[in-house]
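[1] Output the structure for:
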Amino acid sequence: MRRQETKIVRNVARKLFPVLVLFAFYLIIYGHISPGGGFQGGVVLGSSLILLYLSEGPERVEKKFKNSQLAILEAIGVLTFVGIGFLGIILGKHFLGNFLPIGRVGMVPSAGLVLLLNLFIGTKVGAGISLIFYALMKFDRRAQGE
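    Residues are numbered from 1 along each chain as shown. As a prediction, this is how the structure comes out:
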């Protein structure tokens with residue numbers, strides 16, 4: 001009986017994972033014209049990986065989404081965010097000053113730099129939450145003596 005429940009949970013998680021990733025990117029991309037944004041989308045992105053981790057098991061997920069790759073992705077998100085900030089200074093604005101054209105209200109992209117910043121914040125937050133979860137799971141396994 002336990003084995004069938006695991007199959008059901010695993011299949012539902014596999015089907016739900018791409019939907020959650022898509023929803024995360026929706027939140028990130030439309031965050032400058034509706035509720036959402038980089039942080040909220042990043043949390044959903046990280047949560048989708050956590051769902052996969054809990055349903056598939058650590059070995060299979062860590063094979064596809066390695067710690068080192070997530071750490072690099074998180075670092076790229078932070079460095080690009082800061083780099084965009086300094087690019088504003090170089091182009092004669094202030095830190096994180098908008099240097100992109102502003103579109104029509106309600107259209108994507110319509111807020112200049114905000115969409116780019118949301119993308120990199122979402123990447124950083126999603127990778128960061130996944131890394132924190134990985135660390136907690138490894139600590140838990142060591143504490144249980146596995």
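
[2] helix or strand right after the host helix or strand of K7?
    Per DSSP states H and E: K7 is located in helix 2-29. For helix 2-29, the following helix or strand on the C-terminal side (DSSP H and E) is helix 38-56.

[3] how distant is that following helix from the center of its chain?
    Averaged C-alpha coordinates place helix 38-56 at 7 Å from its chain's average position (CA atoms, centre = their mean, to the nearest Å).

[4] Can I get it in CSV? Just the C-alpha atoms.
    Taking Å, rounded to 0.1, in the frame of the first residue of the first chain, the C-alpha atoms of helix 38-56 are listed here in CSV:
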residue,chain,number,x,y,z
GLY,A,38,11.4,38.6,-8.3
PHE,A,39,11.2,37.5,-4.7
GLN,A,40,7.8,35.9,-4.9
GLY,A,41,8.6,34.2,-8.2
GLY,A,42,11.9,33.0,-6.8
VAL,A,43,10.2,31.5,-3.8
VAL,A,44,7.8,29.5,-6.0
LEU,A,45,10.7,28.5,-8.2
GLY,A,46,12.6,27.2,-5.2
SER,A,47,9.5,25.5,-3.8
SER,A,48,9.0,23.6,-7.1
LEU,A,49,12.5,22.1,-6.7
ILE,A,50,11.8,21.3,-3.0
LEU,A,51,8.6,19.5,-4.1
LEU,A,52,10.6,17.4,-6.6
TYR,A,53,13.3,16.7,-4.0
LEU,A,54,10.7,15.5,-1.5
SER,A,55,8.9,13.3,-4.0
GLU,A,56,11.8,11.9,-6.0
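
[5] Just the buried residues of that helix, please?
    In terms of neighbour count (16 or more other CB atoms under 10 Å), helix 38-56 has its buried residues at 38-53, 55-56. Yep, even glycine has a C-beta here, placed from its N, CA and C like the rest.

[6] The residue nearest to Y30 when sequence neighbours are not counted and I28, how far apart?
    Distances taken as CB to CB, 6 or more residues apart in numbering place G36 nearest to Y30, at 5.9 Å, with adjacent residues excluded. Counting by CB to CB, to the nearest Å, the gap from G36 to I28 is 7 Å.
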